[in-house]
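Student: predicted model, plus sequence, below.
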Amino acid sequence: MQKWFSAFDDAIIQRQWRANPSRGGGGVSFTKEVDTNVATGAPPRRQRVPGRACPWREPIRGRRGARPGGGDAGGTPGETVRHCSAPEDPIFRFSSLHSYPFPGTIKSRDMSRKRHHLIPETFGVKRRRKRGPVESDPLRGEPGSARAAVSELMQLFPRGLFEDALPPIVLRSQVYSLVPDRTVADRQLKELQEQGEIRIVQLGFDLDAHGIIFTEDYRTRVLKACDGRPYAGAVQKFLASVLPACGDLSFQQDQMTQTFGFRDSEITHLVNAGVLTVRDAGSWWLAVPGAGRFIKYFVKGRQAVLSMVRKAKYRELLLSELLGRRAPVVVRLGLTYHVHDLIGAQLVDCISTTSGTLLRLPET
Amino acid sequence: MLGFLSARQTGLEDPLRLRRAESTRRVLGLELNKDRDVERIHGGGINTLDIEPVEGRYMLSGGSDGVIVLYDLENSSRQSYYTCKAVCSIGRDHPDVHRYSVETVQWYPHDTGMFTSSSFDKTLKVWDTNTLQTADVFNFEETVYSHHMSPVSMKHCLVAVGTRGPKVQLCDLKSGSCSHILQGHRQEILAVSWSPRYDYILATASADSRVKLWDVRRASGCLITLDQHNGKKSQAVESANTAHNGKVNGLCFTSDGLHLLTVGTDNRMRLWNSSNGENTLVNYGKVCNNSKKGLKFTVSCGCSSEFVFVPYGSTIAVYTVYSGEQITMLKGHYKTVDCCVFQSNFQELYSGSRDCNILAWVPSLYEPVPDDDETTTKSQLNPAFEDAWSSSDEEG
């Protein structure tokens, strides 16, 4: 398979190919030009778009976020830009947007177009370049990016708010905001779920909102919560037998009674303990004891942050400005936590501008 | 490109690779072009478009004013600026025109001599293209939302009709009456689609959140009801399998018929394996869908990775089918887009919306180097763009 293409052809493609501005933190956008005078037979390797950190793909270090983890020296959000190293290859040179070797039309591109990812694939260049920014980010150099995203987001959860009685909960939409490809993120989360590393829990307010908890955290918190209570025995039996065996979000009546041998009284104990939530006659969701407060804060906080954007002029706000504002009292979980969730759930559109990332409410 | 061409020439690569690579590149470059236009005939929003599968030359459009227009898409003028003209139309003065809005039009799959149209006036009409008369009319008790005729079948001439009632009716063109009824849905049927791979497989989507796959030869119920959770027992026992968490608005098979795409009012699009009904769990993100009736979207054909073009508000969102990545949003319409079709010979997309316009999205590549001066004596400009002032002192 041909892995190189002539300079002529490359120049045609280059006009359509630019560094994707929506992944750039700053306003730097440039295209690679091919010096057409250098007709070369050497395989011109297309230089990779650098691992410029997308501002929302790292956990946003809020200036006033409630972070019991303490003051990491957080960089200013939305402004980390990594420039790629100068290529050794003499064919490529960086130039401004406005100079082209061909007198063709300069067509303005919509910022959301990432289609240049497929052009290299079509012409035989390795597809993995599309994952470039994610993998080369030195902050998150792990191969399993959903796993890394979950760990990072767990740092944002305010443990002190719930007196450590609640395990840190992360939402699936927050993982989407850090891992750009949703299908891959879903697949990786499913793998983690099957390995038993995380539990996915249905948070009651939305059919799509799933909370992600580390299994270990869940187990320790639940045991601590039911210590000395009358239902402790049933809960321990549940944690020992059902949790490792069945990784689903919900349980059915016949599954509980026949497969795992729970009596009705024990199931009632579990519901009283808060480990199971009644969903229908004969089926239950897996639940986190004490999560009601979290869900209440979360829903109120989400609405509050959305209303901050809604009240802004033109219904849009720079991310840096939003994070710099004082959080309303209703927002107990931290602005950065909610912003990740809003971006991942596509409740706001993320547009990259020369002043950073802009959050705008969608028109529809 | 030259690399591909030389590889094809020397036999290092399959000829199909070059074709698919070029098709993909063209699809990735779709945009509005000032040189291509579609004549505006409709006075109301455009609900449906269909391009004939034989040559890809003629396009039908049905509007909410009941008018059906036939366009010629081929550029037979030597100029680059071209308006797709309407060859003929069935306007409000035609004696057999539909009384209410036309919801679906479809060419007869095997030639352009005939086409079918269905409308809110509870009829399905079969038209003869050359005389523009109705050859047959099927009447129903409820408004018709959608109809489809199998594009590959040689053995039957059944038209599947989805109406406001929960039963899917199959009308036979040869005999002129309804041949049988498929029961199983509980609310109105918003979309129907035959499989492009098998003669007898039909998919129907309904407002009760279910998508069912049928073999029409079978007397008993449907083959599969698609389940978004893939059979895991995370639904309670009473509620059966649902494909979406809201109404299912649109259906489209991929061109090889192996996968099925569905969109629903829960703002999701799902990709299903059409042989076993499994949800492939490809995540396209939020695909806004506020349509109360069907949404007609389309899949590209002949590219190396197929693309799906979904009307998304007043734009058209383009995603890769199998990986779920959003490529771009095509902006150009003023109001909600209702339908789009893909012309696979030239990789063009035509979309119709409620602002009564049909827009043509054409691959934008580099412009050809202009010819030498002696061959272009006439102006290349559309007269509308020419300057009207004169530098002389006199009037005019």
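Tutor: Received it, and whenever you're ready, just let me know what you need.
Student: only C-alpha atoms from now on, for both contacts and neighbour counts.
Tutor: Fine.
Student: low-scoring stretches of chain A, by residue?
Tutor: A:1-144, A:364 (pLDDT under 70).
Student: check contacts around residue A:215.
Tutor: Going by C-alpha atoms under 8 Å, 6 or more residues apart in numbering or on different chains, residue A:215 touches A:196-199.
Student: nearest residue to it in space, please, no chain neighbours.
Tutor: residue A:198 (4.9 Å; C-alpha to C-alpha, 6 or more residues apart in numbering or on different chains).
Student: mind checking how far the one you found is from residue A:189?
Tutor: Counting by C-alpha to C-alpha, to the nearest Å, the separation of residue A:198 from residue A:189 is 8 Å.
Student: give me the domain ranges for chain A.
Tutor: A:146-291, A:293-360 (the TED database).
Student: hmm, back to that, relative to chain B, which of the contacts of residue A:215 is nearest.
Tutor: Chain B lies nearest to residue A:199 out of those, by C-alpha to the nearest C-alpha, at 14.5 Å.
Student: residues making contact with the helix or strand that contains the closest one?
Tutor: Under the criterion of DSSP states H and E, residue A:199 resides in strand A:198-202. Applying C-alpha under 8 Å, 6+ apart, the contact partners of strand A:198-202 are A:192-193, A:209-215, A:247-249, A:285-288.
Student: what does stretch A:265-272 give?
Tutor: Identification of contacts with stretch A:265-272 by C-alpha under 8 Å, 6+ apart yields A:231, A:234-235, A:276-278.
Student: which of those sits closest to residue B:69?
Tutor: Distance to residue B:69 across these (C-alpha to C-alpha) is lowest for residue A:278, with 56.0 Å.
Student: give me the neighbour count for the nearest residue to the closest one once chain neighbours are set aside.
Tutor: Nearest residue to residue A:278, sequence neighbours excluded (C-alpha to C-alpha, 6+ apart): residue A:284, at 4.6 Å. Counted with other C-alpha atoms under 10 Å in any protein chain shown, the neighbours of residue A:284 add up to 23.
Student: going by neighbour count, which of the contacts of stretch A:265-272 comes out on top?
Tutor: For the contacts of stretch A:265-272, neighbours were counted using other C-alpha under 10 Å, and residue A:235 has the most, 24 neighbours in all.
Student: what's the helix or strand for the spatially closest residue to it that is not a sequence neighbour?
Tutor: Among residues not flanking residue A:235 along the chain, residue A:270 sits closest, at 6.1 Å (C-alpha to C-alpha, 6+ apart). In the assignment (DSSP H and E), residue A:270 maps to helix A:264-273.
Student: chain B contacts on the stretch 201-350 of chain A?
Tutor: A:248-252, A:280, A:282-283, A:346 (C-alpha under 8 Å from any C-alpha of the partner chain).
Student: can I get the residues you listed in JSON lines including distance to residue B:305 and neighbour count?
Tutor: Converted to JSON lines, those look like this (distance: C-alpha to C-alpha, whole Å; neighbours: other C-alpha atoms under 10 Å in any protein chain shown):
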{"residue": "A:248", "distance to residue B:305": "33", "neighbour count": "17"}
{"residue": "A:249", "distance to residue B:305": "34", "neighbour count": "17"}
{"residue": "A:250", "distance to residue B:305": "36", "neighbour count": "23"}
{"residue": "A:251", "distance to residue B:305": "39", "neighbour count": "24"}
{"residue": "A:252", "distance to residue B:305": "41", "neighbour count": "19"}
{"residue": "A:280", "distance to residue B:305": "42", "neighbour count": "13"}
{"residue": "A:282", "distance to residue B:305": "44", "neighbour count": "14"}
{"residue": "A:283", "distance to residue B:305": "41", "neighbour count": "22"}
{"residue": "A:346", "distance to residue B:305": "25", "neighbour count": "18"}
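Student: and chain B, which of its residues are near chain A?
Tutor: Proximity of chain B to chain A (C-alpha under 8 Å from any C-alpha) is limited to residues B:1-4, B:7, B:12-13, B:21, B:24-25, B:28, B:233-234, B:236, B:281-286, B:288, B:304, B:313, B:323-329, B:366-367.
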